[in-house]
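Engineer: with the sequence up front, the predicted model follows.
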Amino acid sequence: MPFHTKAIVTDVNKKPVPQYFNSTTDKYEVIESKNGMLGVILYDSQGNEIVSQNLVDKITNKLDELIEVVK
């Protein structure tokens, strides 16, 4: 059934909690965090985790190379 026909998840005080609608289970599910922070894990087309720091490092290195060329 569509998400708008389901009740959202609430806490003990009837306040909404962080959640998403899982179309496979057909219900809202709580989003759990790591160390109190919500986050996203990115995966490439082969299913490997993308480490964003590696991307930042590559970009930084290329910028450093361009700075040297301009000097």
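Structural biologist: Here it is on my side, so go on.
Engineer: any idea of the pLDDT on the residue most central in space within the chain?
Structural biologist: Nearest to the mean C-alpha position of the chain, by CA atoms, centre = their mean, lies residue 40 at 1.8 Å. Residue 40 is assigned a predicted lDDT (pLDDT) of 80.
Engineer: which phi and psi does it have?
Structural biologist: When read as degrees, to the nearest 10, the backbone of residue 40 gives phi -130, psi 140.
Engineer: residue 38 is in contact with residue 20, isn't it?
Structural biologist: No. Between residue 38 and residue 20 there is no contact under CB atoms under 8 Å: 10.8 Å. Backbone N, C-alpha and C define where each C-beta goes, glycine included.
Engineer: between the two, what contacts are shared?
Structural biologist: residue 31 (CB atoms under 8 Å, 6 or more residues apart in numbering).
Engineer: gap between the residue nearest to the centre of the chain and residue 46?
Structural biologist: 18 Å (CB to CB, to the nearest Å).
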